[in-house]
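Novice: what follows is a predicted structure for the sequence shown.
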Amino acid sequence: MATRQKTSRKAAATAAAIRRARTANGRAHNSDAGDDIGLDALIGHAGYAVRRFQLWIFEDFIKTLATVDIRPTQYSVMTVIGANPGLSQMAVAKRLGIERARLVHLLDSLEERDFVSRIPSATDRRSHALHLTARGKTALAQFKRLAAEHERHVAEKIGKGNREQLLQILACFT
């Protein structure tokens, strides 16, 4: 009987810890949101956990950079162009894993905001060299400061050491 009570108390404590973890991100427990639905084997799937973390990452990034209206992919493209002036659209698309058609649309929007310029390539008439404009360089510096704030949020969420370890683990994918 005593063993059953210990097991029951342990299960109750575990359930309470899970409920606290679910509400730790600021959301109240709401059965309509599906919080009471069991996830079974998904709990042990790395892909599921990574996807949920990615959703949180994107949500925080977008919220942190909302004042400058920049999305994660736009930030990535501007960062790569800033670090490698003169790259072709194809090189940027390939390096970041973005479909060429999607990149063209994205570059159009960055060009409209006067962040990026496409200059006809001196070596290949079919391609354009990508450069940040003066306004784009200034904007990117501001975006990087805000992105650093976002990275601090990540460290607060998972711990600084865990963030560094996660980056090491994921380095083979970049």
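Specialist: Cool, got the structure. Residues are numbered from 1 along each chain as shown.

Novice: ok, so what distance separates residue 98 from residue 89?
Specialist: 10 Å (C-beta to C-beta, to the nearest Å). Placement of C-beta: from N, CA and C, glycine included.

Novice: give me the neighbour count for residue 114.
Specialist: 12 (other C-beta atoms under 10 Å).

Novice: so where's this structure shaky on pLDDT?
Specialist: The model of the chain has pLDDT under 70 over residues 1-33.

Novice: spit out the contact partners of residue 133.
Specialist: When contacts are counted by C-beta atoms under 8 Å, 6 or more residues apart in numbering, residue 133 touches 114-117.

Novice: make a markdown table from those and add distance to residue 128 and secondary structure to it.
Specialist: Formatted as a markdown table, those follow (distance: C-beta to C-beta, whole Å; DSSP: H, G, I helix; E, B strand; the rest coil):
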| residue | distance to residue 128 | secondary structure |
| --- | --- | --- |
| 114 | 16 | coil |
| 115 | 15 | coil |
| 116 | 10 | strand |
| 117 | 9 | strand |
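
Novice: and which of these is nearest residue 136?
Specialist: residue 115 (3.6 Å; C-beta to C-beta).

Novice: distance from the helix or strand encompassing residue 106 to the middle of the chain?
Specialist: If you go by DSSP states H and E, residue 106 is part of helix 100-112. Averaging C-alpha positions (C-alpha atoms, centre = their mean, to the nearest Å) puts helix 100-112 19 Å from its chain's average.

Novice: alpha carbons of stretch 162-169, as PDB, please.
Specialist: Extracted C-alpha coordinates of stretch 162-169, given in PDB (Å, rounded to 0.1, in the frame of the first residue of the first chain):
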ATOM      1  CA  ASN A 162      22.500  24.500 -23.500                       C
ATOM      2  CA  ARG A 163      22.300  27.100 -26.200                       C
ATOM      3  CA  GLU A 164      26.000  26.700 -27.000                       C
ATOM      4  CA  GLN A 165      25.700  22.900 -26.900                       C
ATOM      5  CA  LEU A 166      22.700  23.100 -29.300                       C
ATOM      6  CA  LEU A 167      24.700  25.300 -31.700                       C
ATOM      7  CA  GLN A 168      27.500  22.700 -31.700                       C
ATOM      8  CA  ILE A 169      25.100  19.900 -32.300                       C
END
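
Novice: what residues sit buried inside it?
Specialist: Neighbour counts over stretch 162-169 (16 or more other C-beta atoms under 10 Å) mark residue 163 as buried.
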